[in-house]
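Asks: Okay, here's the prediction I keep looking at, along with the sequence it came from:
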Amino acid sequence: MSFFRSETMSYYEIIIPRESAWEVFNELGKLSIIQMEDQNIEEAHINRHYYPMIRRADEALLKITAFEALMVKFKIKNLTCRNPKQFLEKVQEYGQEMNISDNKWFEIIEQSLDEKYALLMEQLQNLEKLQLKKNNLFEHKAVLVKTKEVLGTQYYNRGRNIAINPQYGTVEQSNLQSSAFNLNYMVGVVDRIDAIRFKRMVFRASKGNAWIALSDIEYTRVDVTLEQKEKEENETNDDKKRTVFIIVYQGGAQDFLKSKLNRICDSFQCSKFGLPEDPNQLVPQSVEIDHQLDESENIVNLTNQKIKEILLEYAAIQPNSKVSLLEMSKLLIIKDKAIFTNLNTLNLKQTIYAGFFWAPKSNEPELHHALHKLSQIKQNVSVGQIIEIIPPSRKLVPTYFKINDFTFAFQEIVNTYGIPRYKEVNPGMFAVMFFPFMFGVMFGDIGHGGILLVVALLLVKNYETLKKDPALAGLLKARFLFLLMGICAFYCGFIYNDFMSLTFNLFGSCFKEVEGTHDTEWIEGCVYPIGFDPKWFIAGNELAFFNSFKMKFAIIFGVSQMMFGILLKGANNVYFRNYLDFFCEFIPQIIFLSVTFGYMSLLIILKWAQSWEGKTDIAPSIINMMINIPLMAGSTDNQPLYNQETQETIQYYILIVSFICIPWMLVPKPIIEVLMHSRQHKHTSDADQLQPVNPELPVFKKSKDKKTELMEQLREELIRKEKEKEQRKKQLNSRDLSDAPEDPQIQSEQQIQVKKPNPQHHDDEEEEFDAGEIFVHQIIETIEFVLGAISNTASYLRLWALSLAHGQLAKVFFEKCLGGGIEEGNFFFLFIGWPVFMHCTVFVLLCMDLMECFLHALRLQWVEFQGKFYKADGIKFIPLSFVEAIQSAQ
């Protein structure tokens, strides 16, 4: 029954020598059954013993990430791990074959990564410089060619280049001093997407006195830097294309426009180029640039080849683990980081580590067996001591459920709202049946539910194949949830006799037509086997009939589910022996809901069970009956549903009982709590709670007497520290905050205690006792339950509303898209309407409406049902698990 209530957890103390701590935690991480308690909460992470190792692991992971990015850039396949558990087993076998200890992998991987990463960064820097040079050479050549085409020899001899600090070439000073026609020019390259804006800026800066020509070049800049990778993914190909610009204007060599144009070019990050003084040098200079381009291309290719060799070395598949060397390195670093992180939770004294952890009681033999096996395999490793103790009184026990692929999605629905308390009834068990059914009531349709069912069956059947695609990982985890949702939607659609707004006549009909009229009459004694009679779908009161049924069914189901939730609250009270809540909350709440809305549900069923044919005018209104109970003291207003005297008597007593339940919920509990607190003088000492539960539990130790004595001293010191912590918290909580202490350090500590209360305490477990606050809290709880009984019952009407909306949408889509064509026999209309009908069905009903029904079912599960018994303030059991650490990092 671990899914109904969480696993029984035990609190253990662990004491191990420092030299064998890594080996012990390496074994514990494989078991995935322990959750460490941090003994150094007040200590900064940077001051902890294994912080340098964690930092080194993070740096190694950053380098691996850079390798992965380059593999993607160079289109080199990196084979990743699909089964972390199998991978860890294979690596351990490989280490034994190669005589490599598990704790040596980190040093080996880190050393190799440092060497290869340094070499790779050097090659990347060289490649970046080479590529930049190649880009500039190509642009320079394009400028020379375009300049000759645009300017020509005549102007070229009579103009001067005003570019300041050109990219290539120089500006001759002699040429700047003299010009026959006092003409100036500037040439360069600008990004194509900025070319028009650049031209506009030049025009405005020169006030129309400068002539500018633009000419696109069929060339795309190449950027090899890792920093630009994310930017490149967001850019289009046009963003990297370039355009040659040539600016010509008349003016002196020292005029103001020269500096203005140069500033504009710098703001647009243009590349400016110098030109040879003699136009006859354009062709030889172009030939020289071609030679330089060829040389740069050869060097770039060699550099790329060297980079690929390094990447291919890490992309090599390891025969032992069936993953790439890079992936193997990454996973082993993640594993070691998890070990270092958990070792940081221990307390160190000289050469001994000590701490506490939680573990499922049922896994205790497995825990001791693993450590015993480690002590036998590695004779030089001392596994220390593991002793079960009673946890401190206020220590919040983590919640752990054994779940599988089927129950995973349903438990996630519950955990999204909040983690169950330890040993509290798990709503996840009931979400398996309630959540899909509520979805099916709203989404009920044979066609739409059948499509969802088929998709879910394909996911379940092809799971092994589809799980290789990372994009489907989240969808596959919910495959069984979709399966039950599809089954329930198909079943409810069968009950509704609704197939995409069409109906089936599978079992005939219990109505026959009256000759000579359009009316029908019921065949006496006929009962339709299952679902709705098809005649209702062509009846004049079709909508009123279905609305009445679905609305009343929603009320009956909602009241039943809420009553079941209150029963679970009673089960929790009995299990935790909280008899005060049992008698002062559970009993009045179940009575109140039963005699009010439970009675209303009974009236609905009684009204259904009677035939009102020919006497619909005297049929009583159930809503009026319920209103008359408080307003007219239970009077039926001469329209009883059964024996009038009996009904009025019952309703009179219902009124009295319901009014009694309200003060019953409101008054006794806070009064009893105040009396109990005033009589309570005995307090359990935390020192007693840190003693071993069973001193005869197996103790695994393999050390000298001196080490054993040191372990015992450390254990006593840990117990003393726990007692001091608890005592300090009591003193701080009981101290009057208005009297500020003189010591600023104590004052700061006190403020921290006030602003950050201990998260491991439940709200109802605070040490300070305030009678007024208890009374106010109970008033709020009572009002919330009474008003919630009304609002929550009304909230279940969404089952009716969503079902109605789904059916009417399907009907409208069918009639407007296909109905006219079918009636008229118009093939062209059907040809046009069929794609429209399919798109509306898929995108509106199978996507939007499915999500809407899912969210409304989620709301009913969380608020209306779980709110009756579920506290949702527990903490999740997060064990030291190498498998989970690897899966979360992928």
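Replies: Received it, and whenever you're ready, just let me know what you need.

Asks: In CSV, list the C-alpha atoms belonging to stretch 870-887.
Replies: Below are the C-alpha coordinates for stretch 870-887, written out as CSV (Å, rounded to 0.1, in the frame of the first residue of the first chain):
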residue,chain,number,x,y,z
TYR,A,870,-5.1,17.3,1.5
LYS,A,871,-2.6,19.6,3.2
ALA,A,872,0.0,19.6,0.4
ASP,A,873,2.9,20.9,2.6
GLY,A,874,5.2,17.9,2.7
ILE,A,875,8.7,17.7,1.3
LYS,A,876,9.6,15.3,-1.5
PHE,A,877,12.1,12.5,-0.9
ILE,A,878,15.1,13.4,-3.2
PRO,A,879,17.7,10.6,-2.8
LEU,A,880,21.3,10.6,-3.8
SER,A,881,20.8,8.9,-7.2
PHE,A,882,23.3,8.8,-10.0
VAL,A,883,20.6,7.8,-12.4
GLU,A,884,18.4,10.7,-11.6
ALA,A,885,21.3,13.1,-11.6
ILE,A,886,22.2,12.0,-15.1
GLN,A,887,18.6,12.1,-16.4
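
Asks: and that stretch, which residues are buried?
Replies: 870, 872-875, 877, 879-883, 885-886 (16 or more other C-beta atoms under 10 Å). All C-beta spots, glycine's among them, are computed from the backbone N, C-alpha and C.

Asks: who touches A409 in this structure?
Replies: Contacts for A409 (C-beta atoms under 8 Å, 6 or more residues apart in numbering) come out as K477, A478, F480, L481.

Asks: Which of those residues fall within helices?
Replies: Among the contacts of A409, the ones falling in helices (DSSP state H) are K477, F480, L481.

Asks: would you put the C-alpha positions of stretch 611-619 in PDB?
Replies: C-alpha atoms of stretch 611-619 as PDB (Å, rounded to 0.1, in the frame of the first residue of the first chain):
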ATOM      1  CA  SER A 611     -42.800   8.600 -13.800                       C
ATOM      2  CA  TRP A 612     -44.200  12.100 -14.300                       C
ATOM      3  CA  GLU A 613     -46.000  11.400 -17.500                       C
ATOM      4  CA  GLY A 614     -49.200  13.400 -17.600                       C
ATOM      5  CA  LYS A 615     -48.500  15.200 -14.300                       C
ATOM      6  CA  THR A 616     -45.500  17.400 -15.100                       C
ATOM      7  CA  ASP A 617     -47.400  20.400 -13.800                       C
ATOM      8  CA  ILE A 618     -47.300  19.000 -10.300                       C
ATOM      9  CA  ALA A 619     -43.700  17.800 -10.500                       C
END
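
Asks: are any of the ones in helices among the contacts of A409 buried, and which?
Replies: The buried subset of the ones in helices among the contacts of A409 - by 16+ other C-beta under 10 Å - is F480, L481.

Asks: I'd like the ones in helices among the contacts of A409 as TSV, with pLDDT and distance to H291 appended.
Replies: Shown next, in TSV, are these (pLDDT from 0 to 100; distance: C-beta to C-beta, whole Å):
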residue	pLDDT	distance to H291
K477	92	60
F480	96	68
L481	96	67
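
Asks: Save the ones in helices among the contacts of A409 as TSV, and put in distance to L257 too.
Replies: Formatted as TSV, these follow (distance: C-beta to C-beta, whole Å):
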residue	distance to L257
K477	67
F480	74
L481	71
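
Asks: which of the ones in helices among the contacts of A409 lies closest to A315?
Replies: A315 has its nearest neighbour among the ones in helices among the contacts of A409 in K477, at 29.3 Å by C-beta to C-beta.

Asks: do you know how far D58 is from I64?
Replies: As judged by C-beta to C-beta, to the nearest Å, D58 and I64 stand 11 Å apart.

Asks: if we can go back for a sec, turn the contacts of A409 into CSV, columns for distance to S32.
Replies: As requested, these are exported to CSV (distance: C-beta to C-beta, whole Å):
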residue, distance to S32
K477, 18
A478, 23
F480, 23
L481, 24
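
Asks: on that earlier part again, which one of D58 and I64 has more residues nearby?
Replies: A count of neighbours by other C-beta atoms under 10 Å puts I64 above the other of D58 and I64, at 21 against 12.

Asks: buried sites along the helix or strand encompassing that one?
Replies: In this structure, I64 is located in helix 51-73 according to DSSP states H and E. Buried residues in helix 51-73, defined by neighbour count with 16+ other C-beta under 10 Å: 53-54, 56-57, 60-61, 63-64, 66-68, 70-71.

Asks: chain center to the longest helix seen in the chain, what's the gap?
Replies: Counting by DSSP H, the longest helix found in the chain is helix 105-158. What separates the centre of helix 105-158 from the centre of its chain is 42 Å, taken as C-alpha atoms, centre = their mean, to the nearest Å.

Asks: report the angle between the axes of that helix and helix 51-73?
Replies: Interaxial angle of helix 105-158 relative to helix 51-73 (axes from the mean of the first three to the mean of the last three C-alpha atoms, to 10 degrees): 50 degrees.

Asks: Which neighbouring elements make contact with helix 105-158?
Replies: helix 51-73, strand 183-191, strand 210-220, strand 241-250, helix 282-315, helix 325-343 (3 or more C-beta pairs under 8 Å, 6 or more residues apart in numbering; DSSP states H and E).

Asks: Show the secondary-structure elements that the longest one is packed against.
Replies: The one in question is helix 282-315. helix 51-73, helix 105-158, helix 325-343.

Asks: Redo these as TSV? Include mean pLDDT and distance to S548.
Replies: Formatted as TSV, the helices and strands packed on helix 282-315 follow (pLDDT from 0 to 100; distance: least, C-beta to C-beta, whole Å):
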stretch	mean pLDDT	distance to S548
helix 51-73	94	61
helix 105-158	84	70
helix 325-343	94	59
